[in-house]
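K.L.:
Fold the following, please.
(2 chains)
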Number of protein chains: 2
Amino acid sequence: MSRRLSEDELIARFFAPSAGPAALGLTDDAALLTPPAGCDFVLTTDALVAGVHFFADDPPAAIARKALRVNLSDLAAKGARPLGFLLSLALPPDWTEAWLAAFAAALGDDGAAYGCPLAGGDTVKTPGPLTLSIAAFGAVPCGRMAARTGVRPGDRLYVTGTIGDAAIGLRVRQGRGPDLPPSERDFLVSRYLEPQPRVALAQAMAAYANGGMDVSDGFVGDLTKMLRVSGASARVDVDRLPLSQSARAAIAVDPDLLAVALTGGDDYEIIASVPPGNADGFEAAAAAAGVPIAGFGEAVEGNDPPRFVARGGGTMTFAQGSYSHF
Amino acid sequence: MSRRLSEDELIARFFAPSAGPAALGLTDDAALLTPPAGCDFVLTTDALVAGVHFFADDPPAAIARKALRVNLSDLAAKGARPLGFLLSLALPPDWTEAWLAAFAAALGDDGAAYGCPLAGGDTVKTPGPLTLSIAAFGAVPCGRMAARTGVRPGDRLYVTGTIGDAAIGLRVRQGRGPDLPPSERDFLVSRYLEPQPRVALAQAMAAYANGGMDVSDGFVGDLTKMLRVSGASARVDVDRLPLSQSARAAIAVDPDLLAVALTGGDDYEIIASVPPGNADGFEAAAAAAGVPIAGFGEAVEGNDPPRFVARGGGTMTFAQGSYSHF
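P.N.:
Numbers count the residues shown, from 1 in each chain, chains lettered A, B, ... in the order given. A predicted model of the protein is given here:
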């Protein structure tokens, strides 16, 4: 086996080519950024551990994309345009240059695609599993961050895309999923493996939303948490919750998968709480951004958990609202 | 054993009490910060792994302080005043509430002492060793960051405090140190265990320094790296390098410890490269800030590694310039 690269060599070879201007060529131990005028900074971080948040043998490009995109999803939910990110990477003893090259290339491609380049980082070794943490930062017009605490009674509640694909996709990947055609299975698994952060919705969130949160630990649990910290409750029309064709097909085979879809994690869609007077503007801005949204209910006074009302008026309850990685 | 706390409970109990205003009570998944007027943002991150960067049975307060302070040292070297930090914490299966309480309390105390409160974070579980990553951010007057690439030929070179205490202290702690009185041993070990970041020097760095770098991987190696990325060389007067009384005592017992002192890591002092016309101002500002500094040489034209000139004109060379954690 060839000599191991030093940390400096590794950075120069794999990460420097795709680093952004804030990274100063990754020759410094800090990143430098001039804040856009009239903006607040939004900062977020997410850690991922092999064997906990992904499979150690997942493709390195998929791990890279997931690590960055879960942070981009947080920024988008806050209405923040991404500016860059810092990477902390703890590599286990068996890392290979091929693995790292694929990981860094995917991170570079995603950084370019989402306008969120690598700004700096730290690479260390670990005797344990591959562990990575990304801290991403973005800019939102001053005073316009869509806080998790921002839900106000009377707000219309929206969610982007479709809910539950990733949770069902994880079951499919684990061989516990329903019998479905390959195209449906592939779609669901891809939704688990590769979050598509709703970065395009950030501007609409900042312009129109009172509150925002990305759905990462399960729709029911995340909505419940958002309402609790906002001091509000909600009425949810279960039939208006957006499900993909593939998720519907899965639920048709196994009706228990509806609860899995609504409480499983890894959606990386955005819940938006929008005052009624802003609803038309929000819907138009989302359409202009190419982001599908669905209204699913409204926020109401109270401290109770949200009521999930099904067709005919019955309510759904859930044994477990969300998945906890902890 | 009692029921394990959920991630939300753990955050509310241990971390929320000491979080700063940017943390929004740690109820959100992002931190919000209004940039100080006329400032650039400086961002840095460092990861620490149990068994690699600290001993798993080190006191939790010492681990917390080290994790935050190594980042504060980076910010200070850039001339940046700290604003806050994000914490990624991967806890092994055997974590205890007592451990976490002590860790969080120390982090809160240090955040208050250095004006750098917790702004957000992520807590996950790991089957591996305790792993933590801190991303810290600060503000520097626009255009005044002391970059690692900023050394210019003719600059006076300074370093804060004393060099090599931590490297000798680590040997003492490992039972490989020289025979010394307990007070000297304790001082050296404390310098290894608890970095004292030179946050007080940040303003002087921004006002007067061309270039700055914190000494974390060994003085010789870090200076060599700083000069290489700046495209400069230097003449270093070995006899002007600041050594503590305890380090001098250790070296008197074992002369080989001089090389250990100059190439070992964990100093967390700052190298400043200051144009001659700014030298008086820099020295006065450092004195006003209560930070001891020592001039040890000057930057010169060229691409050679720095020349370490000893009394009498001979040069010192080092088998290994720095310690690599990687």
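K.L.:
from the stretch 151-300 of chain A, which residue is nearest to chain B?
P.N.:
A:Val229 (4.2 Å; Cβ to the nearest Cβ). Just so you know, the C-beta spots here come from the backbone N, C-alpha and C atoms, and that holds for glycine as well.
K.L.:
Which secondary structure state is assigned to the residue nearest to A:Met316 when sequence neighbours are not counted?
P.N.:
Among residues not flanking A:Met316 along the chain, A:Phe308 sits closest, at 4.2 Å (Cβ to Cβ, 6 or more residues apart in numbering or on different chains). Under the three-state scheme (DSSP: H, G, I helix; E, B strand; the rest coil), A:Phe308 adopts strand.
K.L.:
from what I can see A:Phe308 touches A:Gly314, true?
P.N.:
No - in terms of Cβ atoms under 8 Å, A:Phe308 does not count as a neighbour of A:Gly314; the distance is 9.4 Å.
K.L.:
If you count surrounding residues, which of these two has more?
P.N.:
A:Phe308 (21 against 9; other Cβ atoms under 10 Å in any protein chain shown).
K.L.:
What's opposite the more buried one in the beta bridge?
P.N.:
Under DSSP bridges, the beta-bridge partners of A:Phe308 are A:Val236, A:Met316.
K.L.:
Identify the residues contacting it.
P.N.:
Counting by Cβ atoms under 8 Å, 6 or more residues apart in numbering or on different chains, A:Phe308 touches A:220, A:236, A:238, A:262, A:315-318.
K.L.:
Now do the same for whichever residue of chain A sits closest to chain B: its pLDDT.
P.N.:
The nearest approach of chain A to chain B comes at A:Gly128, 1.9 Å away (Cβ to the nearest Cβ). With respect to pLDDT, A:Gly128 scores 95.
K.L.:
Tell me the residues on the stretch 101-250 of chain A that lie near chain B, please.
P.N.:
Proximity of the stretch 101-250 of chain A to chain B, by Cβ under 8 Å from any Cβ of the partner chain, involves residues A:119-129, A:131, A:133, A:135, A:137, A:142, A:145, A:147-149, A:213-214, A:225, A:229.
K.L.:
The residue of the stretch 151-300 of chain A closest to chain B is in what secondary structure piece?
P.N.:
Element membership for A:Val229 (DSSP states H and E) is helix A:219-230.
K.L.:
packing partners for that helix?
P.N.:
Where contact means 3 or more Cβ pairs under 8 Å, 6 or more residues apart in numbering or on different chains; DSSP states H and E, helix A:219-230 is packed against strand A:211-215, strand A:233-237, helix A:257-263, strand A:269-274.
K.L.:
For B:Ala112, which of those is the nearest?
P.N.:
strand A:211-215 (29.2 Å; Cβ to Cβ).
K.L.:
For A:Pro292, grab the count of nearby residues.
P.N.:
Neighbourhood size, A:Pro292 [other Cβ under 10 Å]: 14.
K.L.:
Tell me where the stretch 101-250 of chain A has helices.
P.N.:
Ranges of helices in the stretch 101-250 of chain A, per DSSP state H, counting those that start in this stretch, are A:165-173, A:182-193, A:202-208, A:219-230, A:245-253.
K.L.:
okay, these in CSV with mean neighbour count and mean pLDDT next?
P.N.:
Formatted as CSV, these follow (neighbours: other Cβ atoms under 10 Å in any protein chain shown; pLDDT from 0 to 100):
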stretch, mean neighbour count, mean pLDDT
helix A:165-173, 24, 95
helix A:182-193, 19, 94
helix A:202-208, 24, 98
helix A:219-230, 24, 95
helix A:245-253, 19, 96
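K.L.:
For A:Asp266, which of those helices is the nearest?
P.N.:
Across the helices of the stretch 101-250 of chain A, closest to A:Asp266 is helix A:165-173 (Cβ to Cβ), at 3.7 Å.
K.L.:
In stretch A:147-158, which residues are buried?
P.N.:
Using 16 or more other Cβ atoms under 10 Å in any protein chain shown as the test for burial, stretch A:147-158 gives A:147-151, A:155-158.
K.L.:
Only the C-alpha atoms, please, for it, written as PDB.
P.N.:
The C-alpha trace of stretch A:147-158 is given here as PDB (Å, rounded to 0.1, in the frame of the first residue of the first chain):
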ATOM      1  CA  ALA A 147     -38.300  30.600  12.800                       C
ATOM      2  CA  ARG A 148     -39.600  27.300  14.200                       C
ATOM      3  CA  THR A 149     -41.400  29.400  16.800                       C
ATOM      4  CA  GLY A 150     -43.100  31.600  14.200                       C
ATOM      5  CA  VAL A 151     -46.400  29.800  13.800                       C
ATOM      6  CA  ARG A 152     -49.400  32.000  14.600                       C
ATOM      7  CA  PRO A 153     -53.000  30.900  15.000                       C
ATOM      8  CA  GLY A 154     -54.800  31.500  11.700                       C
ATOM      9  CA  ASP A 155     -51.700  30.700   9.600                       C
ATOM     10  CA  ARG A 156     -52.200  28.500   6.600                       C
ATOM     11  CA  LEU A 157     -50.000  25.400   6.800                       C
ATOM     12  CA  TYR A 158     -48.200  24.100   3.700                       C
END
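K.L.:
Quick check: mean pLDDT of that stretch?
P.N.:
Averaging pLDDT along stretch A:147-158 gives 97.
K.L.:
Now restrict the residues of the stretch 101-250 of chain A next to chain B to buried residues only.
P.N.:
Of these, these count as buried by 16+ other Cβ under 10 Å: A:119-126, A:128-129, A:131, A:133, A:135, A:137, A:145, A:147-149, A:213-214, A:225, A:229.
K.L.:
quick one: which of those residues sit in strands?
P.N.:
A:119-125, A:131, A:133, A:135, A:137, A:213-214 (DSSP state E).
K.L.:
Quick check: the two most widely separated of the residues you listed?
P.N.:
So, these by Cβ to Cβ: farthest apart are A:Lys125 and A:Met213, at 35.4 Å.
K.L.:
List the residues that contact A:Phe187.
P.N.:
Counting by Cβ under 8 Å, 6+ apart, A:Phe187 makes contact with A:165, A:169, A:244, A:246.
K.L.:
A helix includes A:Ala67, no?
P.N.:
Yes - judged by three-state DSSP, A:Ala67 forms part of a helix.
K.L.:
Pretty sure A:Val49 is one of the things it touches, is it not?
P.N.:
No - applying Cβ under 8 Å as the test, A:Ala67 and A:Val49 come out as separate, 10.8 Å apart.
K.L.:
related to what we said a few turns ago, need the contact list for the residue of chain A closest to chain B.
P.N.:
Applying Cβ under 8 Å, 6+ apart, we find A:Gly128 in contact with A:90, A:92, B:49, B:126-129, B:131.
K.L.:
Got phi/psi on it?
P.N.:
When read as degrees, to the nearest 10, the backbone of A:Gly128 gives phi -100, psi -160.
K.L.:
Let me know the helix or strand that A:Leu100 is in.
P.N.:
Counting by DSSP H and E, A:Leu100 is part of helix A:97-113.
K.L.:
Ok, A:Thr44 next?
P.N.:
strand A:39-49.
K.L.:
So what are the sheet partners of that strand and their directions?
P.N.:
strand A:131-141 (antiparallel), strand B:31-33 (antiparallel).
K.L.:
Residues contacting the shortest one, please?
P.N.:
Put plainly, it is strand B:31-33. Applying Cβ under 8 Å, 6+ apart, the set of residues contacting strand B:31-33 is A:40-44, A:78, A:145, A:147, B:22-24, B:83-84, B:86, B:119-120, B:137.
K.L.:
for the strands paired with strand A:39-49, which one sits closest to B:Thr96?
P.N.:
strand A:131-141 (20.7 Å).
K.L.:
what's the angle between the closest one and strand A:118-125?
P.N.:
160 degrees (axes from the mean of the first three to the mean of the last three Cα atoms, to 10 degrees).
K.L.:
quick check: angle from strand A:131-141 to helix A:97-113?
P.N.:
Going by the same axes, to 10 degrees, strand A:131-141 makes 10 degrees with helix A:97-113.
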